[in-house]
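# no sequence on hand, only this structure:
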């Protein structure tokens, strides 16, 4: 099993300290992922910026959850699935949506299911999607902006999911109740 160091404000490289302080202020704790990413200040900064940008995208709370969890589950991220389960609860996303995503079952809402399906296609095919894939996504009510915003989310989740695989990041205490494995 591989591991990477989980930093705190005292052990982090100098350039990561203010970023971890921001995490502490934002979350009331330093998420383990942020502690690991602190080992490379620019990677932590990139992750934080991508997260902020995606949360400011055109997607609502349910749609953010669908995109994030679809990627997390496809990447089999032991850390991000529980974390985003807790985040979805904080964002008041219906538990039925979260459970369907965690269990890889279709969503009842056809628009959200189109979002899940398209996101999964983007991830599985590394961005190689067909015109039919795009047409189905657009027919559900999404557009080019949302295609590009999914790519933004994939960028964010590649940083977190791959880091967690290599670091074997321990799941933070607030999210341990939502433990998950593929």
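Received, thanks. Owing to the predicted nature of the structure, the values given are computational and were not obtained by experimental measurement. Numbers count the residues shown, from 1 in each chain.
# I'd like the average pLDDT over stretch 26-34.
Averaging pLDDT along stretch 26-34 gives 95.
# buried sites along it?
By neighbour count on 16 or more other Cβ atoms under 10 Å, the buried set for stretch 26-34 is 30, 31, 32, 33, 34. Every residue, glycine included, has its C-beta placed from N, CA and C.
# quick one: contacts of that stretch?
Stretch 26-34 is contacted from outside by 6, 8-9, 19-20, 23-24, 44, 47-48, 79-80, 83, 160, 163-164, 169-172, 174, using Cβ atoms under 8 Å, 6 or more residues apart in numbering.
# returning to that earlier point: and the buried residues of stretch 26-34 as CSV, adding distance to residue 99 and secondary structure?
Below are the buried residues of stretch 26-34 laid out as CSV (distance: Cβ to Cβ, whole Å; DSSP: H, G, I helix; E, B strand; the rest coil):
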residue, distance to residue 99, secondary structure
30, 28, coil
31, 23, coil
32, 24, helix
33, 23, helix
34, 27, helix
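# how much space separates the closest residue to residue 182 other than its chain neighbours from residue 180?
Leaving out its chain neighbours, the residue that sits closest to residue 182 by Cβ to Cβ, 6 or more residues apart in numbering is residue 76, at 4.2 Å. Distance check for residue 76 against residue 180: by Cβ to Cβ, to the nearest Å, it reads 9 Å.
# more neighbours, these two?
Using other Cβ atoms under 10 Å as the criterion, residue 76 and residue 180 rank with residue 180 on top: 21 against 14.
# contacting residues around the closest residue to the more buried one other than its chain neighbours?
Spatial nearest neighbour of residue 180, excluding adjacent residues (Cβ to Cβ, 6+ apart): residue 81 at 4.1 Å. Neighbour list for residue 81: 69, 72, 73, 102, 178, 180 [criterion: Cβ under 8 Å, 6+ apart].
# compare these and tell me which is most surrounded.
Neighbour counts for the contacts of residue 81, by other Cβ under 10 Å, peak at residue 69, which reaches 28 neighbours.
# who's in contact with it?
Contacts for residue 69 (Cβ under 8 Å, 6+ apart) come out as 81, 84, 85, 88, 98, 101, 102.
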